[in-house]
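Colleague: structure of the sequence below:
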Amino acid sequence: MEREIDMKEVSDGRLYGLRDMVKADCGGCQGCSDCCESMGSTIILDPYDVWRLTTGLQISFDELLQDKLELNVQEGIILPNMKTEGESERCGFLDEKGRCSVHALRPGLCRIFPLGRYYENRSFQYFLQVHECKKEPKLKVRVQKWIDTPDVKKNEKFIIDWHYFLKDLTASLRAADSGEYQKTVSLYILKSFYQKPWDLDRDFYEQFHERLEEAKSILKV
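Modeller: Okay, the predicted model is just below:
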């Protein structure tokens with residue numbers, strides 16, 4: 001979901017595209033796991049994040065909710081986020097050495113860090129969060145290489161469509177001003193995009209857009 005931020009305070013003042021070089025490479029982190037602690041409920045998962053985890057780990061979404069994920073209300077909509085453990089709010093996927101045990105399957109927000117996404121005009125660009133990663137020195141790397149995502153153009157379209165669908169849905173829920181309707185819609189989103197299994201023999205993005213069009217039709221978004 002969208003955060004209100006002052007770009008002058010959090011970034012280097014630039015916006016980046018896939019082909020741009022950005023000073024974000026932390027050299028494999030080398031034992032640092034600061035960004036995987038004190039997370040709270042900020043690592044919100046989109047349907048592709050959950051698809052990647054469930055297919056990669058061969059586990060259901062409901063099984064992940066038992067100890068690795070949790071549900072929270074984000075701007076009126078129930079969405080899953082990474083669950084943390086202990087006083088340090090440590091990600092449950094960190095191993096005993098402080099390394100990510102699902103690195104190849106990590107969610108999009110983890111994948112792009114220390115980059116963030118700046119949404120504008122029904123699209124987005126990347127920006128460098130200059131205060132978030134303490135690991136130095138950082139090397140320049142091409143954005144597309146850094147985010148390490150197959151079918152990156154399809155992925156960016158998915159991110160845009162999902163983000164603005166939620167944004168439009170949030171606005172319509174606010175206008176409806178009905179707690180019961182909001183709950184019904186949230187449960188529908190949870191079931192349609194997270195709990196309902198995906199066909200492993202079909203392209204994820206094709207299936208997602210089928211579900212998205214159905215949801216838009218039903219919810220009048």
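
Colleague: what's near enough to touch the closest residue to Ser192 other than its chain neighbours?
Modeller: Residue nearest to Ser192 in three dimensions, not counting chain neighbours: Arg211, with 5.5 Å by Cβ to Cβ, 6 or more residues apart in numbering. Yep, even glycine has a C-beta here, placed from its N, CA and C like the rest. By Cβ atoms under 8 Å, 6 or more residues apart in numbering, Arg211 lies in contact with Ser192, Phe193, Lys196.

Colleague: got the phi/psi numbers for Arg211?
Modeller: The phi and psi values for Arg211, taken as degrees, to the nearest 10, are phi -70, psi -40.

Colleague: quick one: contacts of the longest helix along the chain?
Modeller: Longest helix in the chain by number of residues (criterion: DSSP state H): helix 152-176. Contacts to helix 152-176, defined as Cβ under 8 Å, 6+ apart, come from residues 1-2, 18, 46-48, 75-77, 108, 117, 119, 122-124, 144, 149, 181-182, 185, 189, 205, 208-209, 212, 215-216, 219-221.

Colleague: same question, stretch 109-123
Modeller: With contacts defined as Cβ under 8 Å, 6+ apart, stretch 109-123 is touched by 2, 7, 10-11, 15-16, 22, 24, 26, 35-36, 42-44, 100, 124-130, 132-133, 143, 146-149, 159-160, 163-164.

Colleague: can you turn the buried part of those residues into a PyMOL selection?
Modeller: Buried subset of the contacts of stretch 109-123, written as a PyMOL selection, criterion 16 or more other Cβ atoms under 10 Å:
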select buried, resi 11+16+22+24+26+35+36+43+44+100+124+125+126+127+128+129+133+143+146+147+149+159+163+164
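
Colleague: so which of the contacts of stretch 109-123 belong to strands?
Modeller: Val22, Ala24, Phe124, Gln125, Tyr126, Phe127, Leu128 (DSSP state E).

Colleague: just give the nearest non-adjacent residue to the last one, would you?
Modeller: Spatial nearest neighbour of Leu128, chain neighbours left out: Asp12 (5.1 Å); criterion: Cβ to Cβ, 6+ apart.

Colleague: relative to Glu180, how far out is the one you found?
Modeller: 46 Å (Cβ to Cβ, to the nearest Å).

Colleague: distance of Val130 relative to Cys91?
Modeller: The spacing between Val130 and Cys91, counted by Cβ to Cβ, is 22 Å.

Colleague: those helices in the protein, which residues are they?
Modeller: So, for the chain - with DSSP H - the helices run 7-10, 47-57, 61-67, 108-112, 143-147, 152-176, 179-190, 204-219.

Colleague: include mean pLDDT and distance to Gly31 when you put these into TSV, please.
Modeller: TSV is the format used below for the helices of the chain (pLDDT from 0 to 100; distance: least, Cβ to Cβ, whole Å):
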stretch	mean pLDDT	distance to Gly31
helix 7-10	80	26
helix 47-57	97	24
helix 61-67	96	25
helix 108-112	95	17
helix 143-147	96	20
helix 152-176	95	29
helix 179-190	93	37
helix 204-219	98	33
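
Colleague: fine, thanks again, bye for now.
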